[in-house]
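> Based on what follows, work out the 3D shape:
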Amino acid sequence: MSGDLHQGRIVIVGASLAGLRAAETLREEGFTGSLTVVGDEPHPPYDRPPLSKQVLLGKAASDATTLPTRRDPDAEWRLGVRATGLDPVGKQVLLANGESLPYDRLLIATGTRARPWPDPAQAALDGVLTLRTSDDAGRLAERLAAGPRRVLVIGAGFTGSEIASACRERGIEVTVAERGPAPLVGALGGTLAKLAAGLQRVHGVDLRCGVTVTALRGNGRFTGADLSDGSRIDADVCVVAMGAVRNTEWLADSGLAAGRLGVACDAGCRVFNAYGIVTDDVFVAGDVARFPHPLFEYQMLALEHWGNAVAQAEVAAHNMVNMGPLRRPHLAVPVFWSSQFGLNIKSVGVPAFSDQVAIAQGSLGERRLVAVYGYRGRVTAAVTVNMAKWLEYYQGLIETAAPFPPGPGAADSRPVVAEFPVPSNVPDPRGLCHGPTVALTGYLPDRRLTLVRPGG
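Numbering: from 1, shown residues only. Have a look, this model is predicted:
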C-alpha cells in the first residue's frame, strides 16, 4: 500500500449496521481503494430494533427490515461466510471456506449473538428459540401467530420485556422468569425496575423474579420448564433472552485485546493488542467494541446501542483514512430507547454508572417521568418515560458534568427540581438472567472532564 490512506485494501468483518455505515463513510471520506465486507449471515445488513417490536406483532415481515443505504459503498460483499481467524502479521482475514482476504486496514464489526440456553439437548427442543437475527424473528413471529397457549421468556432485560409486551398485545399468556429482583434492573437500577415490574403485572404478565429456570422439559418438543423455587411452567414456546455474547472467538489467536468483554480500543477506535499497544491498521466499531469514555471516568464501555454503532462506525472510518491530528475521538453520549406495554422509554448516558437516582419530573404513579442518575455528585444519565422531549436537555447536563441532583431548569415553562435522591441500586450483572445494555470494565479516574464538541 502507498502512503495515501485513501488507497489500498480495506476489509470490514461484519455485514452489520456498523459495517454498512463504515463502508459508506469510507467512500464519503474519499477512499478509492478496494473494499470488502464479510458477513456470516446470507442477508444484507438489516435493522434489528424492529425485530422485537413490529415483526413480533405481525406489522412487518422479518425480511423487510433491510437497512437503507446513504450511498453505494462500491464494496465486494462476501455474505454467508464466516471469518474464522486473523493473521495480523501477514495481514489476512481467514474465512470458513478456506479462503483468506488480504488487507491493509481492517475494521472489526462482528457485533454480538444471542446467548444460547446452556444445555444443548434442551436448547434443541422444538419451540425453544432466541431472538437476535432476522431469521430468529421470523421463526418467533410464526410461533406467536399460531396462538400458543403460553410463552415462557427467560430473562427480563429489554429484549425479554419487549417479547413479553408483544405476547400480551397479541393476547398470548406469557410467563417471564428473571434471576434478578425486577425487569430491566441491570440497565436502569432498582427505582425504575419497580415501575417495569408493576407495568408487566398490570398487563397480565406472570412475572417471576428472584428465580432461575433449572431445566427445560419436553420429548422432542418443548412443553414446560422447572424453576428454582420448585414450581413448573407449562408452555408451548420458550424464548431464551439471557443477553448477548460478543463475537470475538475468531480473534482468539490474533494477539489482539479481544475476549468475552469485547475488543478493546482507544477513543479513536484503534484496537489494542494483548500487551496494550495500539495498532494502526486494525479498528473496531459497534456492539463488539470496548472503548474509554472521559465522561464516565475512562471506564471501558461496551454498548449494544443502535446510535452508538452508527456514530462509532463513522469515527472509525474517518480515522482509517486520516492521519494524526486529523483523527477524531468517539465521544458520543450513549442513547437507547425501547417501546413496551404502551410506554416509550428513552435513555441518555449510562444509568448503570451511578450511585443515586432522583425523579426530576413526573412520578412513578403517573408512568410519565424523568429519572436523573448521578455518580459522585454529577449527572451521568437520564431516563425518560413518555417524556422524550426532555432527553436533549439532560444530555447537555451530562456533557457539562452538571452537579447532581440537578437544580431548576430552563428547558420548559415548568421547573425541573429533583426529588430527594435515593440509591440507584444497580445490581451486579452476574446476578441477572439478562445482560446490561452497557458493560463497564476498567477504571482510571484522574480528573473530571466536560465534553467539548469540535468547533465549539
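> what's the following helix or strand after the helix ranked longest in the chain?
In the chain, taking DSSP state H as the definition, the longest helix is helix 185-202. Per DSSP states H and E, helix 185-202 leads on to strand 206-209 as the next helix or strand towards the C-terminus.
> Return the list of helices and strands in contact with that next one.
Where contact means 3 or more C-beta pairs under 8 Å, 6 or more residues apart in numbering; DSSP states H and E, strand 206-209 is packed against strand 174-178, helix 185-202. The C-beta positions use only the backbone N, C-alpha and C, and glycine is treated the same way.
> pLDDT of the longest one, averaged?
Per-residue pLDDT values across helix 185-202 average out to 92.
> for it, packing partners?
helix 158-169, strand 206-209, strand 343-349, strand 356-363, strand 368-375, strand 378-385.
> Can you check what angle separates the third one from helix 158-169?
Compare the direction of strand 343-349 with that of helix 158-169 by axes from the mean of the first three to the mean of the last three C-alpha atoms, to 10 degrees and you get 170 degrees.
> ok and strand 343-349 relative to strand 368-375, angle-wise?
If you take the same axes, to 10 degrees, strand 343-349 sits at 20 degrees to strand 368-375.
> What pairs with strand 343-349, parallel or antiparallel?
Strand 343-349 has its sheet partners listed here by DSSP bridges as strand 335-340 (antiparallel), strand 378-385 (antiparallel).
> Only alpha carbons, please: show the helix or strand following the longest one as PDB.
Which is strand 378-385. Next helix or strand after strand 378-385 toward the C-terminus (DSSP H and E): helix 391-399. C-alpha atoms of helix 391-399 as PDB (Å, rounded to 0.1, in the frame of the first residue of the first chain):
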ATOM      1  CA  LEU A 391     -33.700  14.000  26.600                       C
ATOM      2  CA  GLU A 392     -31.700  16.700  24.800                       C
ATOM      3  CA  TYR A 393     -31.800  18.900  27.900                       C
ATOM      4  CA  TYR A 394     -30.500  16.200  30.200                       C
ATOM      5  CA  GLN A 395     -27.800  15.200  27.600                       C
ATOM      6  CA  GLY A 396     -26.500  18.700  28.000                       C
ATOM      7  CA  LEU A 397     -26.300  18.200  31.700                       C
ATOM      8  CA  ILE A 398     -24.300  15.000  31.200                       C
ATOM      9  CA  GLU A 399     -21.900  16.600  28.700                       C
END
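> what's downstream of helix 391-399, the next helix or strand?
Sequence order places strand 422-423 as the next helix or strand after helix 391-399, per DSSP H and E.
> now for that following strand, which elements pack on it?
Using 3+ C-beta pairs under 8 Å, 6+ apart, strand 422-423 sits against strand 356-363.
> strands paired with the strand it packs on, and their directions?
strand 368-375 (antiparallel), strand 422-423 (antiparallel).
> who's in contact with the shortest one?
Think strand 422-423. Here strand 422-423 makes contact (C-beta atoms under 8 Å, 6 or more residues apart in numbering) with 190, 191, 355, 356, 357, 358.
> Apply 10 Å and report the result again.
With C-beta atoms under 10 Å, 6 or more residues apart in numbering as the test, strand 422-423 has contacts from 189, 190, 191, 354, 355, 356, 357, 358, 359.
> Tell me how many other residues crowd the residue lying closest to the third one once chain neighbours are set aside.
Counting by C-beta to C-beta, 6 or more residues apart in numbering, residue 191 lies nearest to residue 357, which is 5.1 Å off, once chain neighbours are set aside. Residue 357 is flanked by 29 other residues according to other C-beta atoms under 10 Å.
> Surely residue 357 and residue 426 touch.
Yes - using C-beta atoms under 10 Å, residue 357 is in contact with residue 426, at 9.1 Å.
> which residues of the stretch 251-400 of the chain score low on pLDDT?
Scanning the stretch 251-400 of the chain for pLDDT under 70 picks out nothing.
> Please report phi then psi for residue 311.
phi -60, psi -40 (degrees, to the nearest 10).
> Next, the contact list for the nearest residue to it once chain neighbours are set aside, please.
For residue 311, ignoring the flanking residues on the chain, the nearest one in space by C-beta to C-beta, 6+ apart is residue 332 at 4.2 Å. Residues near residue 332 by C-beta under 10 Å, 6+ apart: 293, 303, 305, 307, 308, 310, 311, 312, 314, 315, 451.
> try it again with 8 Å
307, 308, 311, 312.
> so where does it fall, helix or strand?
Residue 332 belongs to no helix or strand, assigned by DSSP H and E.
> now it: how far from residue 362?
Distance of residue 332 to residue 362, computed by C-beta to C-beta, to the nearest Å: 27 Å.
> thinking again about what came up before, which of the strands paired with strand 356-363 sits most buried?
Ranked by mean neighbour count, the strands paired with strand 356-363 are led by strand 368-375 with a mean of 24 (mean count of other C-beta atoms under 10 Å).
> how far off helix 391-399 does that strand point, in degrees?
10 degrees.
> what's next to strand 368-375, contact-wise?
188-189, 191-192, 349, 351, 353-363, 379-387, 390, 394, 397, 404-406, 416, 418, 421, 424.
> Is there a quick ChimeraX command that grabs whichever of the residues you listed are buried?
To isolate the buried members of those in ChimeraX, using 16 or more other C-beta atoms under 10 Å:
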select :188,189,191,192,349,351,353,354,355,356,357,358,359,360,361,362,379,380,381,382,383,384,385,387,390,394,397,404,405,406,416,418,421,424
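> Would you check how far apart the residue positioned nearest the centre of the chain and residue 18 are?
Centroid check for the chain by C-alpha atoms, centre = their mean gives residue 304 as the closest residue, at 1.4 Å. Using C-beta to C-beta, residue 304 is found at 11 Å from residue 18.
> who touches both of those two?
residue 287.
> Can you list the buried residues in stretch 188-207?
Applying 16+ other C-beta under 10 Å to stretch 188-207 flags 188-200, 203, 205, 207 as buried.
> Now do the contacts for the closest residue to residue 197 other than its chain neighbours.
Distances taken as C-beta to C-beta, 6+ apart put residue 182 closest to residue 197, at 4.5 Å, once the chain neighbours are dropped. Shown in contact with residue 182 (C-beta under 8 Å, 6+ apart): 156, 190, 193, 194, 196, 197, 209.
> For residue 175, give me its contacts.
Listed by C-beta under 8 Å, 6+ apart, the contact set of residue 175 reads 150, 151, 152, 153, 205, 206, 207, 208, 233, 235.
> now do 6 Å
152, 206, 233 (C-beta atoms under 6 Å, 6 or more residues apart in numbering).
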